[in-house]
Structures are given as structure tokens and as C-alpha cells.
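below: sequence and its predicted model.
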Amino acid sequence: MPELPEAETIVRDLRPRVTGRRVVGVKVIKPDVLARISPEQFRRRLKGRTIESVGRRAKNIVIRFDRDLVLVINLGMTGRVVSSDAPRASELRHVAVRFMLDDGRELLYDDARRFGRLELFSSNAWAERDAQFGVEPLSADFTPELLYAGLKQSRVPVRNWLLDQTRIAGVGNIYANEALYRAGIRPTRRSNLVTPAEAARLRDAIRDVLSEAIARRGTTLADYRDANGEKGGFEPLLQVYGREGEPCPRCGSTVRRVVISNRSAFYCPKCQR
DNA sequence: AACGCGCCCTGTCCGC
DNA sequence: TGCGGACAGGGCGCGT
């Protein structure tokens, strides 16, 4: 998916343009993107609600409405949230849900593979779900000590550890690989064998790569689009992800790809041990 | 009980 | 030009 930087980019775009707007209608075109609710119930609960805030938790877009209703959007691999007044809105080919707003605009949820999910919560139910996610990596709580303590408890490859949303919230395969490259740690390394000094480097690398990606409005490999339907600008700055066979930017060695738990990992065999 | 794995679904690309 | 296979940002639920 869309990882933390992509969700954050969408949230920042959406916030000023939909906060305070009221939902006057909902059309569900592909019901299988709704989690645990029928299209009729989904429409009924949202219609007439006013958007009070737009935020992010992990890779999720969190839209709070009046009268204790929370809409949580997980984009899966190919989910997009695009405003109907964006010039590129007409290019959407897989619109699954349309939200009609009281100013005449629509918010479109588009998802080719339909791995994404839209779910409604009460504030309390969302708080319970929210508590299951791990630390936000850009928050002050994400200290080197916390990361090291967490890594020490697990024997899974460190790349897998970084993908576990109950441990760190919002890191996906692209930024896990990029952060490990920056920190000089091989993705296959068992988590409990990462040293305190390496954990400290990894913590900084994670924060740096996520912040830089947000500044560039995310990474578009193929499908990701922001709320205006535009691609992100971080892809050219990827140093190893998707670069099998290309030279390492630091030492010139050939970047390798290995499969860990059915997902690709990329690394420099010389810079990452 | 921490992990690994298969699966959900569509699109694209590559080799033959 | 067509066809089969590999691959893709995620996450859930299952079995061990």
C-alpha cells in the first residue's frame, strides 16, 4: 500500500477541503470493500453526518463525524481517495464508493484490486482498535531504547519485524527496506541480533526516510495517487527497493533481491551485514 | 503464542 | 498476437 507517507499525504490534502462538510449521499458500487457492514447500513449511518476531523493512524485514514461516528479507510495495495474536483478524477477506473458532499463535490474511493477496506466505528470501538497498533514512528515515543527492546524480543527477520503493525505502525515493505539500507542492516538479520547501536541508527533511518517521503508526497510505483489524483515524487529517491541488479549508490556493489515470507527484500550485500 | 503461509483480486510485464 | 507465469505498496485468519 500506500504506507504511512502516502496515507499522510492524502490526509493533509483532504483535511482543509472536507472538514466541516456534510455527507448528503453515499453510493456503494463494490460492496466487498466494506468491512463487516452491508451497503444499506453503511449508507444509512453516514448520510447526514458532518466531518469534524481527518487524521491518520498507522496506514489508515481516519475521518471523524459528528454523533460519534468514525470512518476508517485502509487503502490496501491499490486504494485511492480522490476528490471529484481534481482534474484527474475522471481517470479513475475502479470507483468502489462515492461520498456526495453538501458543497456538490464528491469523495471517490477507487481500488483496482479491492484489498482496501472501509469500516465504521464508534469512538470507543475505534479506540480499542487503535490501541492494537504499535508506536507511531514519527512520534516522540519512538525512542532508540523502545526499538531495541522490541527487536530483542523476536527472532523473525528484521524486515518482517518492521512490517508488523502491532510493533511499529505505518511502515510497509518499501520503507522497511530503505530504512534497513540506510542503517546498514541486512533485511534477513534476526531481530534479536540487531545491536543497540544498530537499533539507534535504524530508528533514525526510519524517521528520516518516512519524513523525506512525506516531503515528496509519497512513492508511486504504479498505483498510488494523492487526493488530487497525482503521483508521489519519492520513487526516484529509492536506493534499493525495486533496484535489483543496479549498483548500490554508496559502494557500487550490485543490489540483490531475496524473498522473505513471500515478499521481496532488497539490499546491498556489502553495505548491509 | 509467535510465526509462516495461503489467500483475497486485478493489472502489467516478460519470455516463449 | 496470444498465453502462462511471476509479481505488486497489505492484512487477515488459519494451523502448528
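Received it, and whenever you're ready, just let me know what you need. All of these numbers come straight from a predicted model, not from anything done at the bench. Numbering: from 1, shown residues only, chains lettered A, B, ... in the order given.

all contacts plus neighbour counts: C-alpha atoms, from now on.
Fine.

so where do the helices sit in the stretch 51-200 of chain A?
For the stretch 51-200 of chain A, applying DSSP state H, counting those that start in this stretch gives helices covering A:123-130, A:144-152, A:158-163, A:173-183, A:196-215.

closest to DNA strand C out of these?
Smallest distance to DNA strand C across those (C-alpha to the nearest atom of the strand): 4.1 Å, for helix A:173-183.

what does the stretch 1-150 of chain A have sitting close to DNA strand C?
By the criterion of C-alpha under 7 Å from any atom of the strand, the positions of the stretch 1-150 of chain A lying close to DNA strand C are A:1-3, A:58-60, A:74-78, A:115.

now the buried members of the residues you listed.
A:1-3, A:58-60, A:74-78 (16 or more other C-alpha atoms under 10 Å).

now those as JSON lines including distance to DNA strand B and pLDDT?
Formatted as JSON lines, these follow (distance: C-alpha to the nearest atom of the strand, whole Å; pLDDT from 0 to 100):
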{"residue": "A:M1", "distance to DNA strand B": "12", "pLDDT": "69"}
{"residue": "A:P2", "distance to DNA strand B": "15", "pLDDT": "96"}
{"residue": "A:E3", "distance to DNA strand B": "17", "pLDDT": "98"}
{"residue": "A:A58", "distance to DNA strand B": "19", "pLDDT": "98"}
{"residue": "A:K59", "distance to DNA strand B": "16", "pLDDT": "98"}
{"residue": "A:N60", "distance to DNA strand B": "17", "pLDDT": "98"}
{"residue": "A:N74", "distance to DNA strand B": "13", "pLDDT": "98"}
{"residue": "A:L75", "distance to DNA strand B": "12", "pLDDT": "98"}
{"residue": "A:G76", "distance to DNA strand B": "9", "pLDDT": "98"}
{"residue": "A:M77", "distance to DNA strand B": "8", "pLDDT": "97"}
{"residue": "A:T78", "distance to DNA strand B": "9", "pLDDT": "98"}
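
residue contacts, A:D102?
For A:D102, the contacting residues are A:21-24, by C-alpha atoms under 8 Å, 6 or more residues apart in numbering.

if we use 10 Å, what do you get?
A:D102 sits next to A:18, A:20-25, A:48, A:50 when contact means C-alpha atoms under 10 Å, 6 or more residues apart in numbering.
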